[in-house]
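Visitor: have a look; sequence and predicted model below, questions after that.
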Amino acid sequence: MSEIIFEVREDEVDGGYTANALGYGIHTQAETLEELRAMVKDAVNCYFDETMQAPKMIRLHFVREEILAA
């Protein structure tokens, strides 16, 4: 596997960020982007043990929702 993609959302109510891996049961959260990057790396390392090939690249895809009133 060459890469794994995380969907990252900012929590507009409580602050901080959540990250969910697409296609894998890997989820994490953090208060800052710097902390989130470290938490994502740690979560990937925990998920992929020595019997599984870990991805060479982790991609963070930031999702931002915007609601417009008509």
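Guide: Received it, and whenever you're ready, just let me know what you need.
Visitor: how much space between the closest residue in space to residue 47 that isn't next to it in sequence and residue 66?
Guide: Distances taken as Cβ to Cβ, 6 or more residues apart in numbering put residue 26 closest to residue 47, at 5.1 Å, once the chain neighbours are dropped. From N, CA and C alone the C-beta is placed, and that goes for glycine too. Remark: distance between residue 26 and residue 66 (Cβ to Cβ, to the nearest Å) = 27 Å.
Visitor: ok, the two, which is more surrounded?
Guide: residue 26 (17 against 4; other Cβ atoms under 10 Å).
Visitor: would you agree the more buried one is in contact with residue 18?
Guide: No. Here residue 26 does not reach residue 18: they are 11.6 Å apart, not a contact under Cβ atoms under 8 Å.
Visitor: quick one, helices of this protein?
Guide: Here the chain has its helices, by DSSP state H, at 33-47.
Visitor: ok, now which ones touch the residue nearest the centre of it?
Guide: Residue closest to the average C-alpha location in the chain (Cα atoms, centre = their mean): residue 19, at 2.9 Å. Contact analysis of residue 19 by Cβ atoms under 8 Å, 6 or more residues apart in numbering lists 6-9, 27-29, 36, 39-40, 43, 60.
Visitor: grab the nearest non-local neighbour of it.
Guide: Residue 19's closest residue in space is residue 6 (Cβ to Cβ, 6+ apart), at 4.4 Å.
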